[in-house]
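In: Predicted model and sequence below, questions to follow.
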Amino acid sequence: MDALEIEKFRKLLNETIFELKESIKYLKEASRPIEPSCALGRLTRMEAIGEKGVNEAVLSKSKARLIRLENALNRIDAGTYGICVKCKKNIPSGRLEAVPEALICINCAS
């Protein structure tokens, strides 16, 4: 992978990290506990609790992806980004564009 491609992926990773951090801010707010004194009807309260559960699950997955993306940036700095950790071959650019935090190539993933 040449320096131009590396910088393209560094930019993609940074943009994705920024968007994910913004999303995490919203999800943290949306996952706050629902106060028992809140004047909601019974069904509305149940819906709010359901939404809170969904938001908590998405928040958890978003935090995990954020860690993977930050690790990918570290691999760029270390010079190992885009190299499959199993077979040590280059991961195709198309896969990295779709999943910029990818650790393994498609052959090793299947």
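Out: Received, thanks. Numbering: from 1, shown residues only.
In: quick one: what helix or strand has the residue at minimal distance from the centre of the chain in it?
Out: Centroid-nearest residue in the chain, with CA atoms, centre = their mean: Arg65, separated by 2.8 Å. Assigned by DSSP states H and E, Arg65 belongs to helix 42-78.
In: Against which helices or strands is the next helix or strand after that helix packed?
Out: Heading C-terminal from helix 42-78, the first helix or strand you meet, by DSSP H and E, is helix 93-98. Secondary-structure packing of helix 93-98 (3 or more CB pairs under 8 Å, 6 or more residues apart in numbering; DSSP states H and E): helix 3-30. For the C-beta atoms, the positions are set from N, CA and C on the backbone; glycine is no exception.
In: avg pLDDT for the helix it packs on?
Out: Helix 3-30 shows a mean pLDDT of 95.
In: likewise stretch 103-110?
Out: Stretch 103-110 shows a mean pLDDT of 92.
In: Buried ones in it, by neighbour count?
Out: If you call a residue buried by 16 or more other CB atoms under 10 Å, then stretch 103-110 has these buried ones: 103-105.
In: List just the nearest of the residues you listed to Lys89.
Out: Cys105 (6.1 Å; CB to CB).
In: List the residues that contact the closest one.
Out: 84, 86-87, 89-92, 95 (CB atoms under 8 Å, 6 or more residues apart in numbering).
In: For Pro100, the count of nearby residues, please.
Out: Applying other CB atoms under 10 Å, we find 20 residues neighbouring Pro100.
In: Three-state assignment for it, please.
Out: Secondary structure, DSSP: H, G, I helix; E, B strand; the rest coil: Pro100 is coil.
In: how big is the angle separating the helix holding Arg65 from helix 3-30?
Out: 150 degrees (axes from the mean of the first three to the mean of the last three CA atoms, to 10 degrees).
In: quick one on the thing from earlier: so the residue nearest to the centre of the chain sits against Leu20, correct?
Out: Yes - the criterion here is CB atoms under 8 Å, and Arg65 meets it with Leu20 at 6.4 Å.
In: Please consider this matter closed, and thank you.
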